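*Asks:* Give me coordinates for this.
(2 chains)
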Amino acid sequence: MSGQVDNSAEAKGWHSVVNDWAADQRTFRVSWGKLMMWIFLLGDTFIFSIFLISYMTVRLSATDAWPNASQVFELVVFGHTVPLFLIAIMTFILITSSGTMAMAVSCAYRKQKKLAVYLMLATAVLGASFVGMQAFEWSKLIADGVRPWANPMGAAQFGAAFFMITGFHGLHVSAGVIYLLVVARKLSRGDYDQRGYEIVEISGLYWHFVDLVWVFIFAFFYLW
Amino acid sequence: MTISTSYAAAHQHDQPGSFWTRYVWSQDHKVIAIQYSLTAIFVGLVALVLSALMRLQLGFPGQFSFIDSTHYLQFVTMHGMIMVVYLLTALLLGGFGNYLIPLMVGARDMVFPFLNMLSYWTYLLSVLVLLASFFVPGGPTGAGWTLYPPQAILPGTPGSGAGILLMLISLAIFIVAFTMGGLNYVCTVLQARTRGMTLMRMPLTVWGIFVATILGLLAFPALLVSAVMMFLDKTVGTSFFMPVIMSMGEQLDYSGGSPILFQHLFWFFGHPEVYIVALPAFGIVSDILATHARKNIFGYRMMVWAIVAIGGLSFVVWAHHMYVSGMNPYFGFFFATTTLIIAVPTALKVYNWVLTLWQGNIHLTVPMLFAIGFIFTFVHGGLTGLFLGNVVVDLPLSDTYFVVGHFHMVMGVSPVMVLFAAIYHWFPKVSGKLLHDGLGKLHFWGTFIGTYLVFLPMHYLGFLGVPRRYYAISGTDFIPESAQSLNSSITVAALVVALMQLLFIANLIISLRWGKTASANPWQATTLEWQTPQTPPAHGNFGPQLPTVYRWAYDYSVPGARDDFIPQNLPDSAVVIDDAQAYAKAGQ
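*Replies:* A predicted model of the protein is given here:
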């Protein structure tokens, strides 16, 4: 009694959309691994969104004044105080790493395996330097007396939210660096020669996601 | 990557050698499903014992010296959390989801078997961490299953030291386990269906589990984030959820946090969680009703869209759990409205179940009894939900036993009825043995009548104003003496219900050992899991050739056909037709 469902090719409008999506065997023309990464990233998006929304909420509920971000994150360079100097470099590095990652994906699909491996290593190095600079920034803030539970410049929630969210993001970047290194090593060893190099794109999806999240953290933390 | 691993490749794993690789570190979805189910049933029994202890105190206050107020609160908390997360979610998705998805959509296994195995072991770790909290100084947390701060992490609440921390860690581990399993379920349903198995031919069981898993993947992040923040509040002294506060006569170092934020995050998880439990139950009960009434499910497409609509709406109703916290009236109005809207697709499902039964050839088998019992308990709990969805009605009732009665009916008893129906229904496939019928019927009537005797009077207690969560209510002026008599009778009924579950466990063991051998398709069902060459299905599920699907899952009693069911994998040419005219008229 499949007559209930208009599966015919002549199905019109809404029915044809449903039929396309509901076709047998597979809904999306992508591999299992890539689809899994997309769905995982959707869940991870929710995690970071909720982190950021929680940050906005505690920023509103905090009773002490919120510190001025451009003062907190300024750096003295050659005798000049430049606001957001370090963050600008970090953001630049991370976005550059997205560029090298995209090039790695492109090379992998053009079967330029060696180049893809080098570009992935470059991405990992950029990512690692981002984490290193974040550690430097943390140490600077800690030297200034900012703690998760207290903050000489105002609301305690500033330190709490900052360490928690950048820490969570930093963990993502660190995990990404390890992930990229593992994939690059297996790629250069020839583990994927039979199956194809789609894994490079899948790891790239994760990397771009981590970058995109940083853009939002940057906007909400440093520019607001 | 090919969609179906070749049978030869699957067959290589068929003889993985030792006992350990086959039954312990197994990557076979069926073994993982059984591991999940047994672990979930085990913690479920722990939670059942806890509820019996609570009822002993409430029914006969002060008679049992080992239940003091501290223990009582800990029992409440652990009972709630275990039942909702570690039993229902794990058994419905980890157990039935794992077992049924690949078999019902015609796949050889989940798409990522290793991840699937990892999911189970991570789940087991979360259970062990949770149970470990019974043995730490101060015991498990007694903050109530909602774990509201500030009280959850302040001294004065039982288990506010190690107990609450272990609870938060255990939840975080559980979420990791669920994510690994959930990604598997979603990808398998979307990408690994066999030929002919379109989404709109999938059994409703798979639809329910599929949508519930998506809800889980999007709702659990809120719980994870709130667990992380509360963990930081407790350990390093941040003030995410903690306002300026006095505790035990001293001002604490917290300031400026928002306890309401936690409630929002918790219920943004908590309400979809209700449907993470309910949607698989909806799906399973639809299939069981159709099979045992020998009739196609009424309004299949409507049922699918209702599942999807309920899933979507469940993300915009969460604050109806927070009316008593106080909120902007427009806010309350919005959430009351969305809450009542969700009743529309839900009622549609109930009508369709009843219409499926209408003029069906009803076989009152044990799974069918539980499925019909579910319709009763669910309508019951659903109707009281309409009361509580309205702000003005909710305010006076929210902290009373009315709410306890309501949510136990709708998301305690109802999904559990479906779980029993599902176990009785699929046990022959899983084990190759039939469960004992007489014991099963006794189990059903004891549980069905018993739970009504437990939860129906609670609504009345709620109208009297008996507050929930309280250790003792004696000496309260506005509560009449008779409330205590009612409480005692509830306790007696609850103990009988608990004993009935031991009968069920005994039935499982006895039938496994001495039960009648089941045929491949004892209920004469149409779906693919009953068409496997072996019972129980072997590794790879379907033998050398994956089945091809020619029809939807509900070809029962098709006019003109000789048999009253046509399996999904039977081509039109192979259907035995007695009355070609009637058959053609039925649209075949």
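*Asks:* what's the spacing between B:Ser119 and A:Glu201?
*Replies:* 25 Å (Cβ to Cβ, to the nearest Å). No exception for glycine: its C-beta is placed from N, CA and C like everyone else's.
*Asks:* next helix or strand past the helix or strand bottoming out on mean pLDDT in chain A?
*Replies:* Ranked by mean pLDDT, DSSP states H and E, the weakest helix or strand in chain A is helix A:14-22, scoring a mean of 69. Next along the chain after helix A:14-22, taking DSSP states H and E as the criterion, comes helix A:32-61.
*Asks:* Could you list every helix and strand in contact with that next one?
*Replies:* Counting contacts by 3 or more Cβ pairs under 8 Å, 6 or more residues apart in numbering or on different chains; DSSP states H and E, helix A:32-61 packs against helix A:156-189, helix A:198-217, helix B:162-191, helix B:204-235, helix B:259-293.
*Asks:* Check whether stretch B:553-571 comes into contact with chain A.
*Replies:* Yes - using Cβ under 8 Å from any Cβ of the partner chain, we find that stretch B:553-571 touches chain A at B:554-555, B:558.
*Asks:* Between these, identify the one with the most neighbours.
*Replies:* Within these, neighbour counts (other Cβ atoms under 10 Å in any protein chain shown) peak at B:Tyr554, which reaches 28 neighbours.
*Asks:* Just the residues of stretch B:553-571 next to chain A: which are in helices?
*Replies:* Per DSSP state H, helices hold no members of those.
*Asks:* Not counting sequence-adjacent ones, nearest residue to B:Ser255?
*Replies:* In space, and not counting its chain neighbours, B:Ser255 is closest to B:Val244: 4.6 Å by Cβ to Cβ, 6 or more residues apart in numbering or on different chains.
*Asks:* what kind of secondary structure is that neighbour in?
*Replies:* coil (DSSP: H, G, I helix; E, B strand; the rest coil).
*Asks:* ok so, going back, so which of the residues of stretch B:553-571 next to chain A would you say is closest to chain A?
*Replies:* Proximity of the residues of stretch B:553-571 next to chain A to chain A (Cβ to the nearest Cβ) peaks at B:Asp555, which lies at 5.6 Å.
*Asks:* List the contacts of the nearest residue to the closest one once chain neighbours are set aside.
*Replies:* Closest residue to B:Asp555 apart from its sequence neighbours, by Cβ to Cβ, 6+ apart: B:Ile566 at 4.0 Å. Applying Cβ atoms under 8 Å, 6 or more residues apart in numbering or on different chains to B:Ile566 gives the contacts B:526, B:551, B:555, B:558, B:575.
*Asks:* if I look at the residue nearest the centre of chain A, how far off is chain B?
*Replies:* Chain A has A:Val210 as the residue nearest its centroid, 0.6 Å off, counting by Cα atoms, centre = their mean. Distance, A:Val210 to chain B, by Cβ to the nearest Cβ, to the nearest Å: 16 Å.
*Asks:* Can you check the pLDDT for that residue?
*Replies:* The score at A:Val210 is 96. That number is its pLDDT.
*Asks:* so it touches A:His169, yeah?
*Replies:* Yes - counting by Cβ atoms under 8 Å, A:Val210 does reach A:His169; the two are 7.3 Å apart.
*Asks:* Sticking with B:Ile510, tell me its helix or strand.
*Replies:* Assigned by DSSP H and E, B:Ile510 belongs to helix B:482-514.
*Asks:* For B:Leu168, which non-adjacent residue is spatially closest?
*Replies:* Per Cβ to Cβ, 6+ apart, closest to B:Leu168 is B:Ala227, 4.4 Å.
*Asks:* And the helices in the stretch 51-200 of chain B, which stretches?
*Replies:* Taking DSSP state H, counting those that start in this stretch to define them, one finds helices in the stretch 51-200 of chain B at B:69-81, B:98-105, B:113-132, B:162-191.
*Asks:* Pull the number of nearby residues for the residue in the stretch 451-588 of chain B positioned nearest to chain A.
*Replies:* In the stretch 451-588 of chain B, the residue found nearest to chain A is B:Gly587; the distance is 3.8 Å by Cβ to the nearest Cβ. B:Gly587 has 11 neighbours, counted by other Cβ under 10 Å.
*Asks:* What about A:Asn68? Give its phi and psi, please.
*Replies:* phi -80, psi 120 (degrees, to the nearest 10).
*Asks:* sorry, back to before: need the contact list for the residue nearest to B:Leu168.
*Replies:* B:Ala227 neighbours (Cβ under 8 Å, 6+ apart): B:168, B:171-172.
*Asks:* can I get those residues in a markdown table with pLDDT, distance to B:Leu453 and neighbour count?
*Replies:* Below are the contacts of B:Ala227 laid out as a markdown table (pLDDT from 0 to 100; distance: Cβ to Cβ, whole Å; neighbours: other Cβ atoms under 10 Å in any protein chain shown):
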| residue | pLDDT | distance to B:Leu453 | neighbour count |
| --- | --- | --- | --- |
| B:Leu168 | 97 | 36 | 25 |
| B:Leu171 | 97 | 33 | 24 |
| B:Ala172 | 97 | 38 | 18 |
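*Asks:* of these, closest to chain A?
*Replies:* Using Cβ to the nearest Cβ, these come closest to chain A at B:Ala172, 11.5 Å.
*Asks:* separation between that closest one and B:Met54?
*Replies:* Relative to B:Met54, and taking Cβ to Cβ, B:Ala172 is found at 27 Å.
*Asks:* show me where pLDDT drops low in chain B?
*Replies:* B:1-17, B:588 (pLDDT under 70).
*Asks:* in stretch A:206-216, what counts as buried?
*Replies:* A:206-214, A:216 (16 or more other Cβ atoms under 10 Å in any protein chain shown).
*Asks:* okay, those residues in CSV with distance to B:Val136 next?
*Replies:* Formatted as CSV, these follow (distance: Cβ to Cβ, whole Å):
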residue, distance to B:Val136
A:Tyr206, 37
A:Trp207, 40
A:His208, 43
A:Phe209, 38
A:Val210, 36
A:Asp211, 41
A:Leu212, 41
A:Val213, 36
A:Trp214, 39
A:Phe216, 39
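*Asks:* Good, we can wrap up now.
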